[in-house]
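**Q** Got a sequence here, can you model it:
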Amino acid sequence: MNALFFIVLWAYYASYGKYILIYQENHSLFLFDKQYFYKFLYFPGGLAEYLSAFFTQFFYSPILGAFLIALIFLLITFFIQSVLNRPPHLLFLLSYIPALIFLVFFNQPEFGLTLAIAFTINLGAIVIFNKLAKTRWRYCFAVLAVVILYFTCAGVYHLFWISVVLYEILYFQSKSKKIFLPLFIVLALYVPTFAGQNIFHIHFNVSYFRLLGDSLNEMPPIFFALVGFFILVPIGTWLLQSKSNLLSEKMEKPFVILGAIFMLTLTVAILYRSYDKKVNQMICTAHEARANNWEQVLKISADYDGSNYLMAYYTNLALLKSGKMENNLFEFNQELGTNGLFFTWDRSRKKSEHGGLLYYELGFINEAHHWAFESLISNGENAPQLKMLALTNLINGKRESAAKYLLKLDQSLFYSNWVEQYMPLCEDSTLWAKSEFIREKRAQMPDADFFMNLNNLAPDLVQLLKSNPQNEAAFRFMLSFYLLSNQVDLFAETLKEFHPANQAISSMYQQALLIFLSAHPDKAEEYKDFNIDLATKQKFSAYANAMRSQQPRRGNIPEKFRNEFQSTYWYYLHFVSPHGNKVITKN
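**A** Numbering: from 1, shown residues only. Below is the predicted model of the structure:
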């Protein structure tokens, strides 16, 4: 049963549930560095957090990370099996309950490993306590362990001392326990007070409940569920110990088999119910975007059901980077309009984590640095933002600053190979000057400084294009902004001003230009160099005829009409745009 439980968890987190591991690894960074270790000593429970960060770094590989997760949950079950060994037929069913409780909470991406690791450490101590037959050694261990466990696991140590009291009362026959237990309880309750006042200098509630919440009222349900388990189960098994033959030997085997089937079914049901496809898609989309896997981003986006700001943002960025924005923009969900192109600045932790990548790809290197630094402050040190800070400093020629971030990443286990690509550019100025990467990114940058408008990217794009008309990414993004905001006049003017002469325009641009010329026939001569092919004109005529004959309305669009025209700009303008179905003319 234990082997099957392990395999089910490993298979799940290596496949469907890998988004949990990706999220946690992207928001944590373990460094093999003394100063990094020392900062975990400033609060009780820091060592459990340190161990959590250590194990989380292996989530870089979902297969290896899934193995560790399955191993930790199996270890929890194994320790409980070592403790709850009376009566045998109840052990089998009960030993998996804490691991299943943890599963429910761990499948929330931000939950992390800390509580599970702290709980496992406490369980290991409970096992050792129960294995010590001699009273003297058992009491010495309990006293030493309660102090160590408090410093290691903070508030989770309550699990240990409460269990010690229960097991000593129920299962051990010692004449001295009437003296030991009151003294032990006083010690257990006094340790946080002493440590909080004299070592850590923290508030009373923090000293008692750290890792669990700021106070007893704010502790997570998982803690009460687990403590309840370790209070009720010892008492229940003690009450039933005189009835250890509650099941006959003939019934024991069927009971175990049915119990195994039930627990495995419950495990699969918990994993199935806790799986969130949309969260999976969002986390994996951001992960693939950071890895420049733009085709994979578009593949995930095509399968996403509904509208979401993060998905729209990365979808449009992927269209830009893959060179498909001018042809395939409306083959993807654009219900959010321009709000799906970029994030406005409001110091949001989530926005700062994602928003800077667009600025980097457009050539706003200083602004990308700004967003990465803000994200580092609000989210803590993590590899994606340290990478961005290293790259933006390199591009700006600040090689010493770039080296600072690269050296930090070099102290990690899985990012040292990435560091090796860029560290030579910090150490040798001649390599920096010759680097193709540096040349390409600096060629995107504006030639003059200007103030950024972080609530509306359009003015910044205009300034960037005027300063650096050769920035192709900014030009394509600017055109998409005008199309998504119904500003066809500005689209046409920008197209004429910055599009290379004698170069054909995409069918999507032709569709928008047809609308512009229909409203401004007097401008036909100015735009004669932008050839609108016969196929686009015929499709426009077909669209106009279908509009008259089928009379589609928002919320009531014939399926045939949708299938034929939903990837056109005309369809977006009339039936999708959040800005209404009218062209916004230039003031």
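
**Q** ok, Ala383 - contacts?
**A** Counting by CB atoms under 8 Å, 6 or more residues apart in numbering, Ala383 touches 26, 29, 409, 412, 415. C-beta here means a position set from N, CA and C on the backbone, and glycine is covered the same way.

**Q** Closest to Gly356 out of those?
**A** Taking CB to CB as the measure, Gly356 lies nearest Asn26 of the contacts of Ala383, at 14.2 Å.

**Q** residues contacting that closest one?
**A** 286-287, 290, 382-384.

**Q** Could you measure from it over to Asp346?
**A** 22 Å (CB to CB, to the nearest Å).

**Q** so where is the stretch 451-587 of the chain shaky, pLDDT-wise?
**A** For the stretch 451-587 of the chain, applying pLDDT under 70 flags the ranges 454, 586-587.

**Q** if you set the cut-off to 50 instead, what comes out?
**A** Along the stretch 451-587 of the chain, segments meeting pLDDT under 50 are nowhere present.

**Q** tell me the helices in it, going along the chain?
**A** 457-467, 472-484, 488-498, 507-519, 534-550, 559-565, 569-571 (DSSP state H, counting those that start in this stretch).

**Q** between those, which gets nearest to Tyr60?
**A** helix 472-484 (29.5 Å).

**Q** Quick check: buried residues in that closest one?
**A** By 16 or more other CB atoms under 10 Å, the buried positions in helix 472-484 come out as 473-484.

**Q** I figured Ala312 was touching Thr338, is that so?
**A** No - using CB atoms under 8 Å, Ala312 makes no contact with Thr338, being 10.0 Å away.

**Q** so the residue nearest the centre of the chain is in which element?
**A** Centroid-nearest residue in the chain: Tyr23, 3.0 Å away (criterion: CA atoms, centre = their mean). Element membership of Tyr23, judged by DSSP states H and E, is helix 18-26.

**Q** Could you give the average pLDDT over the helix or strand following that helix?
**A** Next helix or strand after helix 18-26 toward the C-terminus (DSSP H and E): helix 34-38. If you average the pLDDT over helix 34-38, you get 93.

**Q** For the residue lying farthest from the centre of the chain, give me the pLDDT.
**A** Distance from the C-alpha centroid of the chain, by CA atoms, centre = their mean, peaks at Lys175 (54.0 Å). With respect to pLDDT, Lys175 scores 80.

**Q** Surely it is within a strand?
**A** No - counting by DSSP: H, G, I helix; E, B strand; the rest coil, Lys175 falls outside a strand, being coil.

**Q** If we ignore the residues flanking it in sequence, what's nearest Thr536?
**A** Gln510 (4.4 Å; CB to CB, 6 or more residues apart in numbering).

**Q** show me the residues around that neighbour that make contact.
**A** Counting by CB under 8 Å, 6+ apart, Gln510 has contacts 530, 532-533, 536.

**Q** can you pick the most crowded of these?
**A** Neighbour counts for these peak at Thr536, which has 19 neighbours (criterion: other CB atoms under 10 Å).

**Q** Could you work out the most separated pair of the contacts of Ala383?
**A** Asn26 and Leu409 (13.6 Å).

**Q** Count the neighbours of Phe172 for me.
**A** 15.

**Q** Now do the contacts for Ser378.
**A** 347, 349, 352.

**Q** swap the cut-off to 7 Å and go again
**A** Counting by CB atoms under 7 Å, 6 or more residues apart in numbering, Ser378 touches 349, 352.

**Q** Am I right that Ile7 sits in a helix?
**A** Yes - assigned with three-state DSSP, Ile7 falls within a helix.

**Q** Report the spatially closest residue to it, excluding sequence-adjacent ones.
**A** What sits nearest to Ile7 in space, not counting adjacent residues and going by CB to CB, 6+ apart, is Ala70, at 7.7 Å.

**Q** The one you found and Val8 touch, don't they?
**A** No - using CB atoms under 7 Å as the test, Ala70 is too far from Val8 to be in contact (8.1 Å).

**Q** more neighbours, the two?
**A** More crowded of Ala70 and Val8, by other CB under 10 Å: Ala70, with 21 against 15.

**Q** in what helix or strand does that one lie?
**A** Per DSSP H and E: helix 62-83 holds Ala70.

**Q** what's the angle between the helix or strand hosting Glu353 and helix 457-467?
**A** Here Glu353 sits within helix 349-362, counting by DSSP H and E. Inter-element angle recorded for helix 349-362 and helix 457-467: 20 degrees (by axes from the mean of the first three to the mean of the last three CA atoms, to 10 degrees).

**Q** Next up, the contacts around the residue farthest from the centre of the chain.
**A** Per CB under 7 Å, 6+ apart, neighbours of Lys175: none.

**Q** do Leu64 as well
**A** Phe58.

**Q** Next one, pLDDT for it please.
**A** 95.

**Q** Quick check: it vs Tyr50, distance?
**A** 19 Å.

**Q** Equivalent analysis for Gln550, please.
**A** With CB to CB as the criterion, Gln550 and Tyr50 are 65 Å apart.

**Q** is it possible to export the buried residues of helix 472-484 to a markdown table including distance to His370?
**A** Listed next are the buried residues of helix 472-484 as a markdown table, based on distance: CB to CB, whole Å:
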| residue | distance to His370 |
| --- | --- |
| Ala473 | 19 |
| Ala474 | 18 |
| Phe475 | 23 |
| Arg476 | 23 |
| Phe477 | 19 |
| Met478 | 21 |
| Leu479 | 25 |
| Ser480 | 23 |
| Phe481 | 21 |
| Tyr482 | 26 |
| Leu483 | 28 |
| Leu484 | 25 |
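
**Q** coming back round to it: of the helices of the stretch 451-587 of the chain, which approaches Ser301 most closely?
**A** That would be helix 472-484 among the helices of the stretch 451-587 of the chain, by CB to CB, at 15.3 Å.

**Q** Tell me how far that closest one lies from the chain's centre.
**A** 29 Å (CA atoms, centre = their mean, to the nearest Å).

**Q** Please enumerate residues in contact with it?
**A** Residues from elsewhere that reach helix 472-484 (CB under 7 Å, 6+ apart): 320, 325-326, 329, 334, 337-338, 341, 361-363, 444, 458, 461, 464-465, 490-491, 494-495, 498, 512, 569.

**Q** what angle do it and helix 507-519 make?
**A** Using the same axes, to 10 degrees, helix 472-484 lies at 50 degrees relative to helix 507-519.
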